[in-house]
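In: need coordinates for the below:
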Amino acid sequence: MPGSTPIVAAEAMLRDLLGSGDHVAVPPSVDSVLRAIRRFGSVEFDVSDLPDADGFLFQYGNFNWLANPGFVIGFVRQFEEVDTAGEHVCYIQLQCEFTYFISPELESIAGNEDWWFRGEREPFEAWFARCSSDPVWNLVRDLKPLQFTVAQGSV
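Out: Residues are numbered from 1 along each chain as shown. This is a model prediction of the structure:
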């Protein structure tokens, strides 16, 4: 897209919106992350015109792949990278997530995934309003996160 932002700038842009620069010394509040993600959703990146070339994932759930089980909640922005012929090369995923120690209340929550892509009829604002008003945010809003992560990689 002419005039759009290069994908390589996505992580730095999100960090700027979070006010965290190159690293996150103190985890931001849930509300500041939600505000940053909402603003980040309005940024158009240089992706193909395919309907699923730019999307968001809201996800949360329990995990047990580390020494101690935990609960993770956050967003992933996914960009499809294509070659000059328009063929799929990979997906670039930029994650922004909180990790918490598991509690009985969090352990009882079933996991959830909710995707949105620019090619869909539902506007980003409607999707984001639904995700940001999920009752799970009330459960974690006042908890101290074990970790807050902003990371970009390809899959």
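In: buried stuff in stretch 89-97?
Out: Tyr91, Ile92, Gln93, Leu94, Gln95, Cys96, Glu97 (16 or more other Cβ atoms under 10 Å). Every C-beta, even on glycine, is put in place using the N, C-alpha and C of the backbone.
In: elements contacting whichever helix or strand Trp115 is part of?
Out: Applying DSSP states H and E as the criterion places Trp115 in strand 112-117. Under the contact criterion of 3 or more Cβ pairs under 8 Å, 6 or more residues apart in numbering; DSSP states H and E, strand 112-117 touches strand 54-63, helix 124-132.
In: ok, then the element right after the shortest one?
Out: By that I understand helix 124-132. helix 136-140.
In: buried residues in that next one?
Out: Those would be Val136, Trp137, Leu139, Val140, for helix 136-140 by 16+ other Cβ under 10 Å.
In: could these go into JSON lines alongside distance to Ala126 and pLDDT?
Out: JSON lines is the format used below for the buried residues of helix 136-140 (distance: Cβ to Cβ, whole Å; pLDDT from 0 to 100):
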{"residue": "Val136", "distance to Ala126": "19", "pLDDT": "97"}
{"residue": "Trp137", "distance to Ala126": "17", "pLDDT": "98"}
{"residue": "Leu139", "distance to Ala126": "23", "pLDDT": "95"}
{"residue": "Val140", "distance to Ala126": "23", "pLDDT": "97"}
